[in-house]
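Engineer: Okay, structure incoming, though there's no sequence with it:
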């Protein structure tokens, strides 16, 4: 069973080896390195690519592995935009994800190219591919060309060196996030939206860089970033540079095309959200002699109760109709098994009956790895096809897993839980779920679900790479804090739901919604990167919210049927509202500060004849009460 699950989660990297020929008696030339004709899944060993390589799907270079790409290699990418659920990956579209080491050895006359496979005759172009993402990885990229991606390079806690690289036909050229200190030398960027984005906590070195963008800026240096710039030029549609970093912006160019902004904290828009405390002290007791040990594949066919110390070294399956009860204070440890060499643990619990794991504040239940550090040391708590009765978890700690809690065709409720240091903490599909008073931190992906119904209350989603992602679902999110997630705080697609009383802070962006029906009420969007709110083809309302101090737009929308009412829009670093539609945007009865919207606070028909107006009269006479 565990092998079957793992086969669904990761795919191998196929390879073939070319051989050379030599004259009789002559010493044969060295065989060229092995190179895949088509690549996807996780690199199981160090790899070398040459010739033409097709990315049929995502490729992951895991920690401890190196991928070399030789001069003249052409990498063709299928830009699939899927509902994939593998926790290793970050983007919906096809991505090359580097957590190990990537070396691109292009030469001046033989560059390496990364390009999207063009549509067949008669087909329309689909979604862009996800680009190259360094997530804690390292590398060097020389003489390369990259095109057709959403973002060319995304750098999260990574500092690769890029030299003689050309990035074109992308929405965004390069985005450096917290902990990224890359060196860019002779890099050329031609992007639609933003050339180079330096977000808080990043410190890239830009030398002889030329970046242009059609819509917004060639360079964004957000407050809290520390770019080091020498001999570089930037051009943009709205402005050449959006500069909020300490010190002076780079010299050269038109100073009128540099938009200077202040740190929102200096402008009185403090990041003043008190961190919600975890529901209990997440302490893991010392190891003791286990009361129960399960090795290999073990089957529980009737009701069972666990207490004390339990060791799972394999897969424990709970049959339909059976209930596994885990007593307060129980510690379940999972041994590391990795039969397919992908570096991910496989020990797990597979429940087709019912799980009742209800601890207490004084005696929480712990699910953790037996040994080793970091995420992915064991598999998951899987609740699969178990919708006859609701499973319940309360006062539990789930840590260091591949996919902490995973549900499919199930019903479950989780209260007062801590999820930390998992590759993905919570995932479910085709399920009915309630989560309340839970904290999720330190995960690659905090929470992801699709085709489900979910009630989310009083959650803290903080310090993850990705926050909450949902697709084709009905949901409510109330009274929560979505904080300091490197990428999107909340990403909603093709769904219907409500967001109320929730704080979005320090995410990139705060909330992104497309093709949705959405109500946003009494929320705060403060000091997010890129935008506080991004709406695409979305119906609904934004009411009674504070949208302030975001590094970029407060609200970016192409959805004229989204009225904005009784909101406070202040101190956003690009525009309070940016229209992306030819239809009017109804933004009446909002607070813009004394005197109404300041000059340049809105981008609409007054700036671009292709856009409709943003309607602001009448504004509110006084600021609404803070949510």
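Structural biologist: Sure thing, it's come through. Everything numeric in this text was worked out from a predicted model, so none of it was measured.

Engineer: Point me to the residue sitting closest to the centre of this protein.
Structural biologist: The residue lying closest to the centre of the chain (CA atoms, centre = their mean) is residue 466, at 3.4 Å.

Engineer: Can you check the pLDDT for it?
Structural biologist: For residue 466, the pLDDT comes out at 93.

Engineer: quick one, what contacts it?
Structural biologist: Residue 466 is in contact with 90, 444-446, 448, 485-488, 491, counting by CB atoms under 8 Å, 6 or more residues apart in numbering. For glycine as for every other residue, the C-beta is placed from the backbone atoms N, C-alpha and C.

Engineer: Ok, residue 62 next?
Structural biologist: For residue 62, the contacting residues are 42-43, 88, 99-100, 342-343, by CB under 8 Å, 6+ apart.

Engineer: In strands, which of those residues appear?
Structural biologist: residue 42 (DSSP state E).

Engineer: can I get the contacts of residue 62 in JSON lines with pLDDT, neighbour count and distance to residue 175?
Structural biologist: Putting the contacts of residue 62 into JSON lines (pLDDT from 0 to 100; neighbours: other CB atoms under 10 Å; distance: CB to CB, whole Å) gives the following:
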{"residue": "42", "pLDDT": "89", "neighbour count": "24", "distance to residue 175": "24"}
{"residue": "43", "pLDDT": "91", "neighbour count": "22", "distance to residue 175": "24"}
{"residue": "88", "pLDDT": "74", "neighbour count": "25", "distance to residue 175": "20"}
{"residue": "99", "pLDDT": "94", "neighbour count": "22", "distance to residue 175": "17"}
{"residue": "100", "pLDDT": "95", "neighbour count": "21", "distance to residue 175": "20"}
{"residue": "342", "pLDDT": "82", "neighbour count": "22", "distance to residue 175": "27"}
{"residue": "343", "pLDDT": "84", "neighbour count": "21", "distance to residue 175": "26"}
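
Engineer: Residue 286: what secondary structure?
Structural biologist: Three-state assignment for residue 286 (DSSP: H, G, I helix; E, B strand; the rest coil): coil.

Engineer: and it, how many neighbours?
Structural biologist: 5 (other CB atoms under 10 Å).

Engineer: List the neighbouring strands of the host helix or strand of residue 163 plus their orientation.
Structural biologist: Using DSSP states H and E, residue 163 falls within strand 161-176. Its sheet considered, strand 161-176 pairs with strand 138-147 (parallel), strand 151-156 (parallel), strand 183-198 (parallel) by DSSP bridges.

Engineer: can you pull the buried residues of whatever helix or strand comes next after the longest one?
Structural biologist: Read that as strand 183-198. The helix or strand immediately downstream of strand 183-198 is strand 205-207, counting by DSSP H and E. For strand 205-207, the neighbour count (16 or more other CB atoms under 10 Å) marks 205-206 as buried.

Engineer: quick one on the thing from earlier: so which of the contacts of residue 466 belong to strands?
Structural biologist: Counting by DSSP E, the part of the contacts of residue 466 found in strands is 445-446, 448, 491.

Engineer: Kindly indicate which of those residues lies nearest residue 212.
Structural biologist: Using CB to CB, residue 491 is the member of these that lies nearest residue 212, at 27.7 Å.

Engineer: Show me what that closest one is bridged to.
Structural biologist: In beta-bridge terms (that is, DSSP bridges), residue 491 pairs with residue 469, residue 512.

Engineer: Distance-wise, check it relative to residue 614.
Structural biologist: Using CB to CB, to the nearest Å, one gets 25 Å for the distance from residue 491 to residue 614.

Engineer: again, but for residue 140
Structural biologist: For residue 140, the distance to residue 614 - CB to CB - is 46 Å.

Engineer: neighbour-wise, which of those two wins?
Structural biologist: Neighbours were counted for residue 140 and for residue 614 using other CB under 10 Å; residue 614 has more, 26 against 14.

Engineer: and that one, what pLDDT?
Structural biologist: What the model reports as pLDDT for residue 614 is 92.

Engineer: contacting residues around it?
Structural biologist: 577, 579, 584-585, 587, 602-604.

Engineer: Of these, grab the buried ones for PyMOL.
Structural biologist: With 16+ other CB under 10 Å as the criterion, this PyMOL line picks the buried residues out of those:
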select buried, resi 577+579+585+587+602+603+604
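
Engineer: Throw the contacts of residue 614 into a markdown table and include secondary structure and distance to residue 226, thanks.
Structural biologist: Listed next are the contacts of residue 614 as a markdown table, based on DSSP: H, G, I helix; E, B strand; the rest coil; distance: CB to CB, whole Å:
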| residue | secondary structure | distance to residue 226 |
| --- | --- | --- |
| 577 | strand | 30 |
| 579 | strand | 33 |
| 584 | coil | 41 |
| 585 | strand | 36 |
| 587 | coil | 35 |
| 602 | strand | 31 |
| 603 | strand | 28 |
| 604 | coil | 34 |
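
Engineer: okay, among the contacts of residue 614, which ones form the most distant pair?
Structural biologist: 584 and 603 (13.8 Å).

Engineer: returning to that earlier point: mind checking how far the residue nearest to the centre of the chain is from residue 89?
Structural biologist: Residue 466 is 10 Å from residue 89, by CB to CB.

Engineer: and what of residue 50?
Structural biologist: In terms of CB to CB, residue 50 sits 25 Å off from residue 89.

Engineer: got it, and residue 373?
Structural biologist: Going from residue 373 to residue 89 by CB to CB gives 22 Å.

Engineer: which of the two has more neighbours?
Structural biologist: residue 89 (24 against 8).

Engineer: Spit out the contact partners of the more buried one.
Structural biologist: 58, 60, 95, 97 are the contacts of residue 89 under CB under 8 Å, 6+ apart.

Engineer: which ones among these are found in strands?
Structural biologist: Reading strands off these with DSSP E, I get 58, 60, 97.

Engineer: Please name the bridge partners of the second one.
Structural biologist: Put plainly, it is residue 60. Beta-bridge partners, per DSSP bridges, of residue 60: residue 42, residue 97.

Engineer: what residue ranges in the stretch 101-250 of the chain score low on pLDDT?
Structural biologist: Where the stretch 101-250 of the chain drops to pLDDT under 70, the residues are 120-126.

Engineer: ok, now with 80
Structural biologist: The model of the stretch 101-250 of the chain has pLDDT under 80 over residues 119-127.

Engineer: And for the chain?
Structural biologist: 1-36, 79-92, 119-127, 252-253, 256, 259-277, 560-562, 594-596, 598-600, 626-627.

Engineer: Go again with 70.
Structural biologist: Checking the chain against pLDDT under 70 turns up 1-35, 81-85, 120-126, 262-276, 562.

Engineer: Tell me which stretches of it form helices.
Structural biologist: Ranges of helices in the chain, per DSSP state H, are 2-9.

Engineer: hmm, back to that, would you turn the contacts of residue 62 into a markdown table with distance to residue 422?
Structural biologist: Below are the contacts of residue 62 laid out as a markdown table (distance: CB to CB, whole Å):
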| residue | distance to residue 422 |
| --- | --- |
| 42 | 17 |
| 43 | 22 |
| 88 | 12 |
| 99 | 15 |
| 100 | 20 |
| 342 | 16 |
| 343 | 15 |
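
Engineer: of the contacts of residue 62, closest to residue 384?
Structural biologist: For the contacts of residue 62, the residue nearest residue 384 by CB to CB is residue 88; the value is 20.2 Å.
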